[in-house]
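*Asks:* Give the three-dimensional model of this entry:
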Amino acid sequence: AHYVRHAMRKTTGITGLRRITNPEEMLQGLYQRTLEVAKQMPETAVYRQKVETLTNSRLETLHASADIDDFEDKVDCGQVEQIVIQAEDELKLAEKMVDLQPWQGLEEEPVPGQWKFP
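*Replies:* Numbering: from 1, shown residues only. Take a look at the predicted model:
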């Protein structure tokens, strides 16, 4: 890929956030791992459906982009370094969801009116 703006950046300009020199490879790996983790969830799990939709969309955008600058513009969620953090966080959440299995039924029936709000 041809890095233009990204290649010219010496820093992100964001305190504590280092510039990434290989963002395409990092994102590709993070997105693939997230999709692998999502496959451990039931197909009916809403989180799985949403995370697969978002992750596949980001992967398609990454592949369809001319370069990282184009990807940043299309995704419109900050600099690529911030997008990498978002992808890392989503992967961690997906792994946590597999551990917690929130799609399972409740262990106890809720008290009548527990989910009712004024």
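
*Asks:* Per-residue confidence, residue 110, what does it come out as?
*Replies:* Reported pLDDT at residue 110 in the predicted model: 89.

*Asks:* Which strand or helix spans it?
*Replies:* Using DSSP states H and E, residue 110 is not contained in any helix or strand.

*Asks:* got it, and residue 97?
*Replies:* Using DSSP H and E, residue 97 falls in helix 80-100.

*Asks:* Beyond the worst-scoring helix or strand of the chain on mean pLDDT, next helix or strand please.
*Replies:* The helix or strand of the chain with the lowest confidence, counting by mean pLDDT, DSSP states H and E, is helix 5-8 at a mean of 76. As assigned by DSSP H and E, the chain's next helix or strand after helix 5-8 is helix 23-38.

*Asks:* how near is residue 98 to residue 112?
*Replies:* According to C-beta to C-beta, to the nearest Å, residue 98 stands 32 Å off from residue 112. Where C-beta positions appear, they are placed from N, C-alpha and C, glycine not excepted.
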